[in-house]
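Engineer: What follows is a predicted protein model with its sequence.
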Amino acid sequence: MTTTQPSQNHLIAPPGLKGVVVADTGTGDVRGEEGFYHFREYSAVELALTHSFEDVCHLMLEGTLPTPEQSAALQRTLAEAAVLPPELVELLPTIARSGPDRAALARLRTAVSHLGALESFGPTYGTEPAQVRAQVLRLVGAVPVIQAALHRLRMGREPLTARPELGAGGSWLWLVTGQEPGPAHQAAIGAYLTSTIDHGFSASTFASRVVTSAGSDVASAVCAAIGTFAGPLHGGAPDRALDSLDEIGRPERARDWVRSKVAAGDRIMGFGHPVYRTMDPRAAMLRDIATNLGGPLAELAVQVEQEVIQALAALKPGRELHTNVEYYAGVVMEQCGLPREMFTPTFATARVVGWGAHILEQSQDSKIFRPSARYVGPAVPAPVPTPESVSQSSSAIAPSGSTG
């Protein structure tokens, strides 16, 4: 008997699950054709420019923008959550010494996993939403402190404590750089963090929900999201986009640079998006912020952007390759004094809120994700060879001079 077909019919999804709806969500959505995205029922960009990070965190986790009393209560909760347990503080120097400089998210993943174990984060399955939400808030408060501490320890500097009175953006800049930022930089990073809290069913968000669908704990789901987010095709691009800007150097060199990259089959970091068919609205917001902050970097970025877009339009007709969030995110973070190895960690600091909102939502659904795969290997069933025949076959194909 020879069977080559699967035992049941399978629906074949497009590559990358593009366009496939896998869950319902009330957290927000991305409308790629319109160049628009929202948190709950509000424009995400408008929220980023008019509300604090903490208030939007309340919106995502509680479903409403907070009253002044609720906002103050959340700020107290996050301030308490920013205090790390002594056992983790003792371990951070060891974690900080591991891996290359740009492995910051791998180090964060290790620390988050340890924190979840120390504080006995249990399965989300069967757990009350209030407890899941409390664990999410613990990570929202702790992750910025952990990331900044790991960075500073690696640089031979002492970690700092959070400064909630500076707002999320200002406190983050303080934690990383040790310098108290001015109002313009506080506002710039605060708007960036708020605008990147969530962005539809991205790969990292999906990863967090897959883990949660198994009933696993909040820390495990966030670790899975961090690992996914670390990839250069996902969150790991703001520093690479700015590296590209450095390579180009002058606007008149941009088109030749793009041609060489396209000819080599390389991606142009900072341009193109799997969902948007217009300019990424986050990029538009950050371009305004960058130009308001001013300086030669912002001026260069705007000039190079136009040259790159025109070059891509000529080289890839019919492709909608517009500026995405990474391009101007790198510019703004550089303007505000953040080191490049901390660009992606800054992005991740905000995204913990979005992952948490999706974890909380997914934890109320008891159905585990269990898709199918299409088998494309050799025909089955094949006769199972004996150990002797496998050994003889391996010897027959061994290269000359092989020592085994």
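Structural biologist: Sure, I can see it. Numbers count the residues shown, from 1 in each chain.
Engineer: Can you name the residues that contact the nearest residue to Gly295 once chain neighbours are set aside?
Structural biologist: Take Gly295 and drop its neighbours on the chain: the residue closest to it by Cβ to Cβ, 6 or more residues apart in numbering is Gln335, 6.4 Å away. The C-beta positions use only the backbone N, C-alpha and C, and glycine is treated the same way. By Cβ atoms under 8 Å, 6 or more residues apart in numbering, Gln335 lies in contact with 185, 188, 290, 293, 295, 297-298.
Engineer: In these, which residue is surrounded by the most others?
Structural biologist: Using other Cβ atoms under 10 Å as the neighbour test, those are led by Ala290, with 26 neighbours.
Engineer: Surely that one is within a strand?
Structural biologist: No - read with DSSP: H, G, I helix; E, B strand; the rest coil, Ala290 is helix and lies in no strand.
Engineer: Am I right that it is in contact with Ala329?
Structural biologist: No - counting by Cβ atoms under 8 Å, Ala290 does not reach Ala329; the two are 9.4 Å apart.
Engineer: Look at His38 and give its secondary structure.
Structural biologist: Assigned with three-state DSSP, His38 falls in the strand class.
Engineer: Let me fix that, I meant to ask about Trp355.
Structural biologist: helix.
Engineer: For Tyr327, see how far away it is.
Structural biologist: In this view, Trp355 and Tyr327 are 24 Å apart by Cβ to Cβ, to the nearest Å.
Engineer: Include secondary structure and distance to Gly270 when you put the contacts of Gln335 into JSON lines, please.
Structural biologist: Below are the contacts of Gln335 laid out as JSON lines (DSSP: H, G, I helix; E, B strand; the rest coil; distance: Cβ to Cβ, whole Å):
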{"residue": "His185", "secondary structure": "helix", "distance to Gly270": "22"}
{"residue": "Ala188", "secondary structure": "helix", "distance to Gly270": "18"}
{"residue": "Ala290", "secondary structure": "helix", "distance to Gly270": "13"}
{"residue": "Leu293", "secondary structure": "helix", "distance to Gly270": "18"}
{"residue": "Gly295", "secondary structure": "coil", "distance to Gly270": "18"}
{"residue": "Leu297", "secondary structure": "helix", "distance to Gly270": "14"}
{"residue": "Ala298", "secondary structure": "helix", "distance to Gly270": "14"}
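Engineer: how about those residues in CSV, adding pLDDT?
Structural biologist: Shown next, in CSV, are the contacts of Gln335 (pLDDT from 0 to 100):
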residue, pLDDT
His185, 98
Ala188, 98
Ala290, 97
Leu293, 97
Gly295, 95
Leu297, 93
Ala298, 94
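Engineer: Tell me who's in contact with Val176.
Structural biologist: Shown in contact with Val176 (Cβ under 8 Å, 6+ apart): 148, 151-152, 338-339, 342.
Engineer: Would you agree it falls within a strand?
Structural biologist: No - read with three-state DSSP, Val176 is helix and lies in no strand.
Engineer: Count the neighbours of Ala73 for me.
Structural biologist: Under the neighbour criterion other Cβ under 10 Å, Ala73 is assigned a count of 13.
Engineer: what helix or strand does it sit in?
Structural biologist: Using DSSP states H and E, Ala73 sits within helix 68-81.
Engineer: How far off centre is that helix?
Structural biologist: 25 Å (Cα atoms, centre = their mean, to the nearest Å).
Engineer: same thing with stretch 192-202?
Structural biologist: How far stretch 192-202 lies from its chain's middle: 8 Å, per Cα atoms, centre = their mean.
Engineer: quick one on the thing from earlier: dump the contacts of Gln335 to TSV, plus distance to Ile197.
Structural biologist: TSV is the format used below for the contacts of Gln335 (distance: Cβ to Cβ, whole Å):
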residue	distance to Ile197
His185	19
Ala188	16
Ala290	20
Leu293	22
Gly295	27
Leu297	26
Ala298	24
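Engineer: Tell me the one of these nearest Trp174?
Structural biologist: Distances from Trp174 to these, taken as Cβ to Cβ, are shortest for His185 (10.4 Å).
Engineer: residue contacts, the closest one?
Structural biologist: Contacts for His185 (Cβ under 8 Å, 6+ apart) come out as 169-170, 173, 293, 335-337.
Engineer: Let's see the ChimeraX selection covering just the buried ones among these.
Structural biologist: In ChimeraX, a selection of the buried entries from those looks like this (16 or more other Cβ atoms under 10 Å):
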select :169,170,173,293,335,336
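Engineer: and the longest helix along the chain, which residues are buried?
Structural biologist: Assignment by DSSP state H gives helix 129-154 as the longest helix of the chain. Within helix 129-154, the residues scored as buried using 16+ other Cβ under 10 Å are 132-133, 135-154.
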